[in-house]
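Participant: generate coordinates for the sequence data below:
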Amino acid sequence: MELYVREKYLKKIRGFYHTDDIIKVITGVRRCGKSSLMQTIARELIQNGVRQENIIYMDLDTRAFKSIKTASALENSIASHAHVAGLKYLFIDEIQNVVGFEEVINGFRTEGGWSIFITGSNSYLLSGEITTKLTGRYLEFEMYPLSFEEYEGMKQFYGKEIHANTMIELNKYILEGGFPRAIFFDDVADKRRYVQGVVEEIFEKDIRRRVKIREKETFETVRRFIINNFGATTSLTSLCSALRKNGYNVTKQTVSRYVRALVDAKILYECPRFDMKSKKSLRGEKKYYLADLGFFYSENTDNQINYGPVLENIVYLYARSCDDSVSVGRFGKFECDFILRDPQANYAYVQVAYTIAASKETEDREYRPLENIKDGYPCYVVTTDYILQQRNGIRHVNLMEFIKEGNGFH
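Facilitator: Numbering: from 1, shown residues only. You can find the predicted model right below:
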């Protein structure tokens, strides 16, 4: 089957295709498309003249490689291709299946002549083991489920119907989620069952096997609470209080560990609060956003969309996919939905709302925090409005069209 090309990620990795001294680590929530991205890279290399025998692709979850469970077995399998002349391109999927893989992979990196790409369970790949043993020797490329423009692009690529009304299409995207495999299911109920299966797979493979969870019911309650309140300001203290009111005698330390497990598995993303005056992160309260809105709608039968947190979640993930770090901003008594900082330390400021056309009061509420920022960096009001206005140099953009442009906020 032809693969949909996710160019926004390929262009980040292309410059490292032929480097043999840096391991390319592709991370992201399960089922977001990491394996397909590696397959796309392999196909692109062949199209550009690399011989098939120089491409070594190992998916450790498949029957063909199920016997590779130890570091020595992995080493022997890779070494069997050492006779191939020229630079060899090694792709290993689900590498966490092998205990002690780090030293093997680093050994081939040190030897030279191997351009190495790996993916695997996020809670493992981002844990202390790999960062300790491979520090400075790998680059992480983080993937996310489909953004809105990719959702439409992939539907078009595979001949799926796209509604002419962009707002209706946005609502479909919100309710169905952005997991690539879900595109192929035509029934919404089937899409939700698929996402529920992804959640269970993450729990079994990425959380239960690595985190000691004695009280599964309590963990499930924490998970549901955080997912059902995504985009809301949350603190561990308030979460503990809510659990205790519902009869769960749980410590703050345990709740913190459970939330960390969800973040490590990339079900959740943690968005800190940042004070622009002191230039320091504020401790305590944070916001949590979902790796995919499907995590919420697969567990909630109500199709009513609360556009406030939903649109924030879409903007948050879009900014992250553009390599921005994201925080909630405070400017004295005002709060800005997002402060974005790109890898070159350039800032941008973003307010998100469904519409500002309802009233002058609504318009003022969204513009006022940005009007108090005087550092000259770009400011945006992001809405679903098609009638756009500009005010005091602040850009008003339509969410769907802006994301489709793909230029980011800087």
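Participant: now Y173: which helix or strand?
Facilitator: Using DSSP states H and E, Y173 maps to helix 166-176.
Participant: let me see the contact set for the residue of the chain most remote from its centre.
Facilitator: Residue farthest from the centre of the chain, counting by CA atoms, centre = their mean, is H83 at 38.0 Å. Residues near H83 by CB atoms under 8 Å, 6 or more residues apart in numbering: none. All C-beta atoms are positioned from the backbone trio N, CA, C, and that covers glycine.
Participant: doesn't it lie inside a strand?
Facilitator: No. Applying DSSP: H, G, I helix; E, B strand; the rest coil, one finds H83 to be coil, outside a strand.
Participant: if we can go back for a sec, what comes up buried for the helix holding Y173?
Facilitator: Neighbour-count burial for helix 166-176 flags 166, 169-176 (criterion: 16 or more other CB atoms under 10 Å).
Participant: redo those as a markdown table? Include distance to Q344 and pLDDT.
Facilitator: Shown next, in a markdown table, are the buried residues of helix 166-176 (distance: CB to CB, whole Å; pLDDT from 0 to 100):
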| residue | distance to Q344 | pLDDT |
| --- | --- | --- |
| T166 | 32 | 95 |
| E169 | 34 | 96 |
| L170 | 31 | 97 |
| N171 | 36 | 95 |
| K172 | 36 | 95 |
| Y173 | 30 | 96 |
| I174 | 32 | 95 |
| L175 | 36 | 92 |
| E176 | 35 | 92 |
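Participant: and K191, how close does it get to R260?
Facilitator: Note on K191: its distance to R260, by CB to CB, to the nearest Å, is 29 Å.
Participant: higher neighbour count, the two?
Facilitator: Shown here are K191 and R260; by other CB atoms under 10 Å, K191 has more neighbours (23 against 14).
Participant: test my guess that the more buried one contacts E176.
Facilitator: Yes. Applying CB atoms under 8 Å, one finds K191 in contact with E176, separated by 5.0 Å.
Participant: what is in contact with the two at once?
Facilitator: With CB under 8 Å, 6+ apart, K191 and E176 have common neighbours 182, 294.
Participant: low-confidence regions, the stretch 151-300 of the chain specifically.
Facilitator: Residue ranges of the stretch 151-300 of the chain with pLDDT under 70: 277-282, 284.
Participant: what's the local residue count around T62?
Facilitator: 10.
Participant: sorry, that was for A73
Facilitator: What A73 shows, counting by other CB under 10 Å, is a neighbour count of 14.
Participant: residues touching it, list them.
Facilitator: Counting by CB under 8 Å, 6+ apart, A73 has contacts 67, 98.
Participant: over to it: give its phi and psi.
Facilitator: The phi and psi values for A73, taken as degrees, to the nearest 10, are phi -60, psi -40.
Participant: cool, and the one 5 residues further on?
Facilitator: Here is the backbone geometry of I78 (degrees, to the nearest 10): phi -70, psi -40.
Participant: and this structure, what are its domains?
Facilitator: 7-142, 148-304, 320-405 (automatic domain parsing).
Participant: quick one: distance of the host helix or strand of L74 to the chain centre.
Facilitator: If you go by DSSP H and E, L74 is part of helix 71-79. Distance, stretch centre to chain centre, for helix 71-79: 31 Å (CA atoms, centre = their mean, to the nearest Å).
Participant: quick one: the following helix or strand past it to helix 71-79, angle?
Facilitator: Sequence-wise, the next helix or strand downstream of helix 71-79 (DSSP H and E) is strand 88-93. Counting by axes from the mean of the first three to the mean of the last three CA atoms, to 10 degrees, strand 88-93 lies at 140 degrees to helix 71-79.
Participant: export the very next helix or strand once past strand 88-93 to CSV, keeping only CA atoms.
Facilitator: As assigned by DSSP H and E, the chain's next helix or strand after strand 88-93 is helix 101-111. The C-alpha coordinates for helix 101-111 follow below in CSV (Å, rounded to 0.1, in the frame of the first residue of the first chain):
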residue,chain,number,x,y,z
PHE,A,101,19.9,-2.7,23.3
GLU,A,102,21.6,0.6,24.1
GLU,A,103,25.2,-0.9,24.2
VAL,A,104,24.6,-2.8,21.0
ILE,A,105,23.3,0.2,19.1
ASN,A,106,26.0,2.4,20.4
GLY,A,107,28.6,-0.1,19.4
PHE,A,108,27.5,-0.1,15.8
ARG,A,109,27.3,3.7,15.9
THR,A,110,30.9,3.9,17.2
GLU,A,111,32.1,1.4,14.5
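Participant: in helix 101-111, which residues are buried?
Facilitator: In helix 101-111, counting by 16+ other CB under 10 Å, buried: 101-102, 104-106, 108-109.
Participant: how about A265, nearest residue that isn't a chain neighbour?
Facilitator: Nearest residue to A265 in three dimensions, chain neighbours excluded: D206, at 4.3 Å (CB to CB, 6 or more residues apart in numbering).
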